[in-house]
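Student: Fold the following, please.
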Amino acid sequence: MSAKEWVRQIHRWLAITFTVTVIVTFVALAQDDPVVWVSYVPLLPLALLLFTGLYLFALPYTARRRRAGRSD
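Tutor: Numbering: from 1, shown residues only. Here you go, the predicted structure:
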């Protein structure tokens with residue numbers, strides 16, 4: 001499995017993790033006496049999603065640039 005495929009798979013699992021943590025946060029904050037620090041839990045998967053998403057976003061542009069460099 002190439003690095004691109006690994007990042008894509010990690011990005012998918014991070015999206016699932018982020019969704020679950022957001023749902024858990026909503027449930028936790030809906031309690032009578034909510035624990036406020038729980039609202040920060042989704043930030044870690046969100047930050048990792050940002051980095052993997054930016055990498056996946058840039059892949060077609062870097063591949064196009066590499067292909068153009070080889071044809072010259």
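Student: Sort out which residues of stretch 41-60 are buried, please.
Tutor: Buried residues in stretch 41-60, counted by 16 or more other Cβ atoms under 10 Å: 41-42, 45, 48-49, 52, 55. All C-beta atoms are positioned from the backbone trio N, CA, C, and that covers glycine.
Student: With pLDDT, distance to residue 6 and secondary structure added, can I get those in TSV?
Tutor: Shown next, in TSV, are the buried residues of stretch 41-60 (pLDDT from 0 to 100; distance: Cβ to Cβ, whole Å; DSSP: H, G, I helix; E, B strand; the rest coil):
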residue	pLDDT	distance to residue 6	secondary structure
41	95	25	coil
42	97	23	coil
45	97	17	helix
48	97	13	helix
49	98	15	helix
52	97	10	helix
55	95	11	helix
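Student: Closest one to residue 2 out of these, please.
Tutor: Using Cβ to Cβ, residue 55 comes nearest to residue 2 of those, at 12.9 Å.
Student: Just give the closest residue to that closest one, not the sequence neighbours.
Tutor: Nearest residue to residue 55 in three dimensions, chain neighbours excluded: residue 7, at 5.6 Å (Cβ to Cβ, 6 or more residues apart in numbering).
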